[in-house]
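Colleague: Quick one, what's the 3D model for this:
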Amino acid sequence: MLTIYGCYRSRASRNLWLASELGVPFKHVPVIQAYRLKDPNAADAPLHTRAPAFLEINPNGHIPSIDDDGFRLHESLAINLYLA
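Modeller: Modelled structure (predicted):
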């Protein structure tokens, strides 16, 4: 299954929109940019771009990213070309 990592307040909205328009089933994992958080290292911080769990998905620490059954891709326009 396609998983889209990112938040609506980022360029991930392009990928979320296109996947919805195409009728592609996907799972959305909200990932916020670390600079938007007061303390990204806090124990209760949401998943963010510098979290070790997200860096396993995208070592560059940027959103959006996708994982399509093990195939990972980054950058919103590259992802949209892949989806199209």
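Colleague: those strands in this protein, which residues are they?
Modeller: 2-5, 26-29, 65-68, 71-74 (DSSP state E).
Colleague: can you put the ones you listed in a markdown table and add mean neighbour count?
Modeller: No exception for glycine: its C-beta is placed from N, CA and C like everyone else's. Putting the strands of the chain into a markdown table (neighbours: other Cβ atoms under 10 Å) gives the following:
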| stretch | mean neighbour count |
| --- | --- |
| strand 2-5 | 20 |
| strand 26-29 | 16 |
| strand 65-68 | 21 |
| strand 71-74 | 14 |
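Colleague: can I get these in CSV with mean pLDDT?
Modeller: Putting the strands of the chain into CSV (pLDDT from 0 to 100) gives the following:
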stretch, mean pLDDT
strand 2-5, 98
strand 26-29, 98
strand 65-68, 98
strand 71-74, 98
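Colleague: can those strands go into a markdown table with extra columns for distance to Y82?
Modeller: Formatted as a markdown table, those follow (distance: least, Cβ to Cβ, whole Å):
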| stretch | distance to Y82 |
| --- | --- |
| strand 2-5 | 10 |
| strand 26-29 | 12 |
| strand 65-68 | 8 |
| strand 71-74 | 6 |
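Colleague: out of the ones you listed, nearest to F54?
Modeller: strand 2-5 (6.8 Å; Cβ to Cβ).
Colleague: what comes into contact with that closest one?
Modeller: 12, 15-16, 19, 24-29, 31, 54, 57-58, 63-69, 79 (Cβ atoms under 8 Å, 6 or more residues apart in numbering).
Colleague: From the chain's centroid, how far away is the longest helix seen in the chain?
Modeller: The residue-count maximum for a helix in the chain (DSSP state H) belongs to helix 12-22. Its chain's average C-alpha position is 12 Å from that of helix 12-22, according to Cα atoms, centre = their mean, to the nearest Å.
Colleague: Same check on stretch 40-51?
Modeller: 15 Å.
Colleague: Start and end of it, how far apart?
Modeller: 8 Å (Cα to Cα, to the nearest Å).
Colleague: picking up where we left off before, what residues does the longest helix of the chain touch?
Modeller: 2, 4-6, 8, 26, 28, 31, 63-64, 66, 76-77, 79-80, 83-84.
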